[in-house]
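*Asks:* Only the shape, not the letters, is given here:
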């Protein structure tokens, strides 16, 4: 990267929030992966917009990440700017029965804010290890509910650099998809519409969901959650298990023996190990059942 661009970015967010050759293992839940050429952590929405605009003006590659719970950076690393939207851009405001949250707010924090204000309808998201921005972009869901069920509007930066507010009905939200990713938009802020409930009951439901997660998912190992999207009419985990791949290993990566829908970092895996396991799973399931498994994890 040219020094001028680097200095411009430092001028926006401050020198302490710009890292070069930053290992991505510390910024994604797989706990492995290559280095980012430049890693930037803006302090608010305006700084985020400015950094993106400069990268676009200079035609320099960039990508925005949140909690890193759905990404894997190849061991070769990323030549460009990775912009983190996480705890520094995470304000949560409760306004009546609505919650307005910045893109970097953790889903668990929004769920706790809802419970503390007797607002029901967001319990499903409490255990999802991600942030609001990514959850809206991919229409995250669990236990029969999805973001599209509660989302009212989203404020985004579009690919032309304009800040616009879109109604949830305009987002074309489907299973793990929305217009946001397809159109290269960046989520800035969202509004979630809930309903009055009882904090005690909401807390009990959240606790029940977490107990189910702990019982069924390999939360003790680094992973990105469900590795593959659910094929129509099937469950990815069952297909993988039926293909005889439970416990399949490449290097330090493994198909979880607790839940075959998860590829885990079992023992100091590299990103290459995880990618090879994913490819083995896709090839074997295709060969045995004729079904294409599409990764839910974004490989960078």
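*Replies:* Received, thanks. Since the model is a prediction, treat every value here as computed from it, not as a measurement. Numbering: from 1, shown residues only.
*Asks:* I'd guess residue 139 is in a helix, am I close?
*Replies:* No. Read with DSSP: H, G, I helix; E, B strand; the rest coil, residue 139 is coil and lies in no helix.
*Asks:* Just the pLDDT for it.
*Replies:* For residue 139, the pLDDT comes out at 95.
*Asks:* what number of residues lie near it?
*Replies:* 21 (other C-beta atoms under 10 Å). Every residue, glycine included, has its C-beta placed from N, CA and C.
*Asks:* Verify the contact between it and residue 149 for me.
*Replies:* No. With contact defined as C-beta atoms under 8 Å, residue 139 does not reach residue 149; the gap is 9.5 Å.
*Asks:* So which residues of the stretch 51-200 of the chain form strands?
*Replies:* 62-65, 71-72, 78-84, 92-95, 98-102, 119-120, 141-142, 145-146, 151-157, 163-167, 186-193, 195-196 (DSSP state E, counting those that start in this stretch).
*Asks:* Please identify the most buried of those strands.
*Replies:* strand 71-72 (a mean of 24; mean count of other C-beta atoms under 10 Å).
*Asks:* Run through who's touching that strand.
*Replies:* Outside strand 71-72, the residues within contact range by C-beta atoms under 8 Å, 6 or more residues apart in numbering are 28, 30, 32-33, 65, 224, 271, 274-275, 297-300.
*Asks:* where's the closest residue to residue 117 other than its chain neighbours relative to residue 12, distance?
*Replies:* Distances taken as C-beta to C-beta, 6 or more residues apart in numbering put residue 94 closest to residue 117, at 4.8 Å, once the chain neighbours are dropped. Distance of residue 94 to residue 12, computed by C-beta to C-beta, to the nearest Å: 30 Å.
*Asks:* One more: residue 146?
*Replies:* Taking C-beta to C-beta, one finds residue 146 at 35 Å from residue 12.
*Asks:* what does residue 105 give?
*Replies:* Relative to residue 12, and taking C-beta to C-beta, residue 105 is found at 22 Å.
*Asks:* And the two? Which one has more around it.
*Replies:* Using other C-beta under 10 Å as the criterion, residue 105 and residue 12 rank with residue 105 on top: 26 against 19.
*Asks:* The nearest residue to the more buried one once chain neighbours are set aside: neighbour count?
*Replies:* Residue nearest to residue 105 in three dimensions, not counting chain neighbours: residue 90, with 4.3 Å by C-beta to C-beta, 6+ apart. Using other C-beta under 10 Å, residue 90 has 18 neighbouring residues.
*Asks:* you'd agree residue 90 is up against residue 107?
*Replies:* No. The pair residue 90 and residue 107 does not pass the contact test of C-beta under 8 Å, sitting 11.0 Å apart.
*Asks:* which neighbours do those two share?
*Replies:* In contact with both residue 90 and residue 107: residue 131, using C-beta under 8 Å, 6+ apart.
*Asks:* Per-residue pLDDT of the residue nearest to residue 105, please?
*Replies:* Residue 90 is given a pLDDT of 98.
*Asks:* Enumerate every residue touching it.
*Replies:* Contacts of residue 90 (C-beta under 8 Å, 6+ apart): 101-102, 104-106, 109, 131.
*Asks:* wait, which of those is closest to residue 212?
*Replies:* Nearest to residue 212 among the contacts of residue 90: residue 106, at 19.7 Å, using C-beta to C-beta.
*Asks:* Check the spacing between that closest one and residue 134 real quick.
*Replies:* For residue 106 relative to residue 134 (C-beta to C-beta), the value is 11 Å.
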